[in-house]
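S.K.: Only the shape, not the letters, is given here:
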């Protein structure tokens, strides 16, 4: 028994195979999780939660952060990266008039942020503020917008 394959059917099958491979590669690259370093620069959303119900937008660039809870009300911060997944946030005294809590945070060395997990475009973190008499931990999320 002889098997007959025409050049056309082989070419069609090769085209289908290539098309399927390209689709698989394209779909798998679209759904990749981000890395800690992807949260160093860009535009982000910190959604409100049960502890602090107000959402805010932040823009990060080159170790600096500007945060808006409402239009016209911004807070400037300095980010000192310990590594890609851990950093210390302090308030910028040149661009902000610090309230009592912000001054206490700065005087105590800032808020240490530890990344717990990244799923898709969302970073889950734990913020830790500590000095000689206080220890405060607050979990949160940061969603990458751009």
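M.R.: Nice, I can see it. Worth saying up front: this structure is predicted, and the values here are computed from it rather than measured. Numbering: from 1, shown residues only.

S.K.: Please make it C-alpha for all contacts and neighbour counts, starting now.
M.R.: Will do.

S.K.: Spatially nearest residue to the residue nearest the centre of the chain (excluding sequence neighbours)?
M.R.: Residue closest to the mean C-alpha point of the chain, counted by Cα atoms, centre = their mean, is residue 39 at 3.7 Å. Among residues not flanking residue 39 along the chain, residue 144 sits closest, at 7.0 Å (Cα to Cα, 6 or more residues apart in numbering).

S.K.: same question, residue 44
M.R.: residue 144 (4.5 Å).

S.K.: Residue 106 versus that neighbour, what's the distance?
M.R.: Applying Cα to Cα, to the nearest Å, the value for residue 144 to residue 106 is 26 Å.

S.K.: can you check residue 76 too?
M.R.: Using Cα to Cα, we find residue 76 at a distance of 13 Å from residue 106.

S.K.: Pull up the overlap in contacts between these two.
M.R.: Between them, residue 76 and residue 106 share these contacting residues under Cα atoms under 8 Å, 6 or more residues apart in numbering: residue 91.

S.K.: Touching the one helix or strand residue 105 maps to from outside, list them.
M.R.: Assigned by DSSP states H and E, residue 105 belongs to helix 100-107. Contacts to helix 100-107, defined as Cα under 8 Å, 6+ apart, come from residues 90, 91, 111, 129.

S.K.: residues in contact with residue 117?
M.R.: Neighbour list for residue 117: 123, 124, 125 [criterion: Cα under 8 Å, 6+ apart].

S.K.: Repeat the analysis, applying 6 Å as the threshold.
M.R.: Remark: with contacts taken as Cα atoms under 6 Å, 6 or more residues apart in numbering, residue 117 is in contact with residue 124.

S.K.: What of the one 3 residues further on?
M.R.: By Cα under 6 Å, 6+ apart, the contact set of residue 120 is residue 33.

S.K.: where in this structure is pLDDT low?
M.R.: 1-32 (pLDDT under 70).

S.K.: where along this structure do the helices fall?
M.R.: 7-30, 100-107 (DSSP state H).

S.K.: about what we covered before: buried ones from the contacts of helix 100-107, can you make that a PyMOL selection?
M.R.: With 16 or more other Cα atoms under 10 Å as the burial test, the buried ones among the contacts of helix 100-107 are selected in PyMOL as follows:
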select buried, resi 90+91+111+129
